[in-house]
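Enquirer: Show me the folded form of this:
(4 chains)
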Protein chains: 2
Amino acid sequence: MADGRTGETDAEAPVLPLHQRIRADIEAKILSGEWPPGHRIPFEHELTRQYGCARMTVNKAIAALAGAGLIERRRRAGSFVAQPHLQSAVLEIPDIREEVTRRGESYGYELIARRLRRPGEGDPVDLAGTGVALLDLTCLHRANGRPLALEERVISLAAVPEAAEVDFAATPPGSWLLGHVPWTEAEHRISAIAANVRMASALDLPRGAACLVLERRTWRGADTITVVRQVFRGDLYHLVAHFSPQGPHGRPDSPAD
Amino acid sequence: MADGRTGETDAEAPVLPLHQRIRADIEAKILSGEWPPGHRIPFEHELTRQYGCARMTVNKAIAALAGAGLIERRRRAGSFVAQPHLQSAVLEIPDIREEVTRRGESYGYELIARRLRRPGEGDPVDLAGTGVALLDLTCLHRANGRPLALEERVISLAAVPEAAEVDFAATPPGSWLLGHVPWTEAEHRISAIAANVRMASALDLPRGAACLVLERRTWRGADTITVVRQVFRGDLYHLVAHFSPQGPHGRPDSPAD
DNA sequence: TATTCCATTATGTCTACGCATAATCGCAGG
DNA sequence: CCTGCGATTATGCGTAGACATAATGGAATA
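Expert: The predicted structure is shown next:
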């Protein structure tokens, strides 16, 4: 029963709440370039008349745009289209297993080494210094049987004591942690290196071949949870990042703000 | 209600609007792990009583959290702490000139080639097919005199006709475009390759050395604006990405909900 | 027992208003 | 002519209500 007024090319805009409609309208004007950076958008008061609604409704729309960084608001002066700042984009950092299976390839996993130890000097994982507290893991991810990435990981058992009991020979630590550690912060470092002997043999590459390296530190509050270094075969893997003014979470049809 | 209890360690919270305070409170509970994923957060009604404010105020706070992806809302059921999805992070993709000077190094730039041409078959920049329309640029970025990145770029003159007049021997095209092209979308591809002969000689590297490659396509609407491929010396450059639940734009003290 | 229907309930959206705050403009006075 | 003060004004923040919507649990019914 898709009749009605679905004569447009857009099939998924049934009735869209008003404040989202206002937001979308303004967003479209900005993205199309019709309103260039620096342009003053209509006052809330004007939009209020234009859409025949209360100011709070207009405010919600504009506040959301400001939150997304598309516009800047200055008291008394008005709201202005912001300068684009392309310097941030959303990087997709999928779980390797998920990524491989999503590409329709068969995922293989292999635990190479597992070691329990005390934190040493200069160890990247700082502990509240109590006894045995670190779990070192080395493992290999395969796609269609071919080595894809070599992963070296340190897990803080002080932060995640349950990890000591997990059989990481069967479960990739990344996947397990994602499901068992709530809401953390993380910092990533992406670089390219030439494979050393160890990497080359693990990844079935000639020595010196280019590899993509993703290093990640994950923490919550002051506690570092895990530090991981994933070395990908440069010829088999790449990362993808996307920039759109919506930001990473704000799907345009999001019910929130 | 807002009991005047500002004796905390936080020195930068003078009077923080109420809806931001509510948001911050909930956010803290989630990030600390006190409220794990799946936990039901208090109903708006409860928070209304707890903070002694109107429901709209609570709603603004919770809606912002939902927009940031920290919580999920289900009618009738309540609002729940969402599962963390680490797979997206904010990648800093600075203008190279800016990045180099920010590191306190001297920036050098050199235009290697400039060519005007018609779009060819399979060219990544699709045009509304009118005559001469593409500008090919090859240039080199230096840090402290040493080659840092080799950049190959195609600019669509149909989308940015002014670019034909610009002296790209003096201005890096990335910087110029940032300042002259408003609000676009972009997609990035990050990979590692071994330097071929041309890259090696331009970057003063041995052949086969590992390089970090950043490819970016930028468009607005249906028009591709520019396609760029930056090859960085792997030993001199890396990218940094950061994940925090605020999202990329939503600084916690943002005035917008 | 299984199924349908309805009352309950929490969120989604919106209105109409109010006060607070800060930036700008214009006017008056030195 | 320059300076400083106040009026104006747009945004920021918040209240107290209202109706709509959808999902849930339980009651009534087949």
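Enquirer: Please make it C-alpha for all contacts and neighbour counts, starting now.
Expert: OK.
Enquirer: which non-adjacent residue is nearest residue A:152?
Expert: In space, and not counting its chain neighbours, residue A:152 is closest to residue A:138: 4.5 Å by C-alpha to C-alpha, 6 or more residues apart in numbering or on different chains.
Enquirer: Quick check: that neighbour is in a helix.
Expert: No: under DSSP: H, G, I helix; E, B strand; the rest coil, residue A:138 sits outside any helix and is assigned strand.
Enquirer: Okay, angle between the lowest-mean-pLDDT helix or strand in chain A and strand B:88-92 too, please.
Expert: Least confident helix or strand, chain A: strand A:88-92 with a mean of 79, by mean pLDDT, DSSP states H and E. Put simply, strand A:88-92 runs at 140 degrees to strand B:88-92, going by axes from the mean of the first three to the mean of the last three C-alpha atoms, to 10 degrees.
Enquirer: and strand A:88-92, what other elements does it pack with?
Expert: strand A:239-243, strand B:88-92 (3 or more C-alpha pairs under 8 Å, 6 or more residues apart in numbering or on different chains; DSSP states H and E).
Enquirer: what's the angle from that strand to strand B:239-243?
Expert: Relative orientation of strand A:88-92 and strand B:239-243, computed by the same axes, to 10 degrees: 80 degrees.
Enquirer: Identify the bridge partners of the residue nearest to residue A:152.
Expert: Following DSSP bridges, residue A:138 is listed with bridge partners residue A:113, residue A:152.
Enquirer: burial measure for residue A:52, as a count.
Expert: 10 (other C-alpha atoms under 10 Å in any protein chain shown).
Enquirer: re earlier: tell me the most buried of the helices and strands packed on strand A:88-92?
Expert: Stretch with highest mean neighbour count among the helices and strands packed on strand A:88-92: strand B:88-92 (a mean of 23; mean count of other C-alpha atoms under 10 Å in any protein chain shown).
Enquirer: Just checking: what are the partner strands of that one?
Expert: In the sheet, strand B:88-92 lines up against strand A:88-92 (antiparallel), strand B:239-243 (antiparallel) (DSSP bridges).
Enquirer: Mind telling me what element residue A:178 is part of?
Expert: For residue A:178, the host element (DSSP states H and E) is helix A:173-180.
Enquirer: which is the next helix or strand following that helix?
Expert: Next along the chain after helix A:173-180, taking DSSP H and E as the criterion, comes strand A:185-194.
Enquirer: how about that next one, does it reach chain B?
Expert: Yes: contact of strand A:185-194 with chain B (C-alpha under 8 Å from any C-alpha of the partner chain) involves A:185-194.
Enquirer: if you go through the stretch 101-250 of chain A in chain order, where are the helices?
Expert: Under the criterion DSSP state H, counting those that start in this stretch, the stretch 101-250 of chain A contains helices at A:173-180, A:197-203.
Enquirer: Measure how buried residue A:56 is and give me the count.
Expert: Residue A:56: 13 neighbours (other C-alpha under 10 Å).
Enquirer: Which residues belonging to the helix or strand hosting it are considered buried?
Expert: Taking DSSP H and E as the criterion, the element that holds residue A:56 is helix A:55-67. Using 16 or more other C-alpha atoms under 10 Å in any protein chain shown as the test for burial, helix A:55-67 gives A:57-67.
Enquirer: Which secondary structure elements does the helix or strand just after it sit against?
Expert: Next along the chain after helix A:55-67, taking DSSP H and E as the criterion, comes strand A:71-74. Contacts defined by 3+ C-alpha pairs under 8 Å, 6+ apart place strand A:71-74 against helix A:55-67, strand A:78-81.
Enquirer: Residues of the stretch 51-200 of chain A that sit close to DNA strand C?
Expert: When proximity is defined by C-alpha under 7 Å from any atom of the strand, the stretch 51-200 of chain A lies next to DNA strand C at A:52-57, A:74-77.
Enquirer: Make CSV from those residues and add pLDDT and distance to residue A:23 to it.
Expert: Output for these, formatted as CSV (pLDDT from 0 to 100; distance: C-alpha to C-alpha, whole Å):
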residue, pLDDT, distance to residue A:23
A:52, 88, 15
A:53, 89, 14
A:54, 89, 15
A:55, 86, 14
A:56, 89, 13
A:57, 89, 10
A:74, 83, 18
A:75, 81, 20
A:76, 79, 21
A:77, 82, 20
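Enquirer: Those: which ones sit near DNA strand D?
Expert: Residues of these in contact with DNA strand D (C-alpha under 7 Å from any atom of the strand): A:56, A:74-77.
Enquirer: Just the buried subset of these, please.
Expert: Using 16+ other C-alpha under 10 Å, no member of those is buried.
Enquirer: any idea which of those residues is the one closest to residue B:239?
Expert: Distance to residue B:239 across those (C-alpha to C-alpha) is lowest for residue A:74, with 33.3 Å.
Enquirer: Could you find the closest non-adjacent residue to that closest one?
Expert: Spatial nearest neighbour of residue A:74, excluding adjacent residues (C-alpha to C-alpha, 6+ apart): residue A:80 at 8.0 Å.
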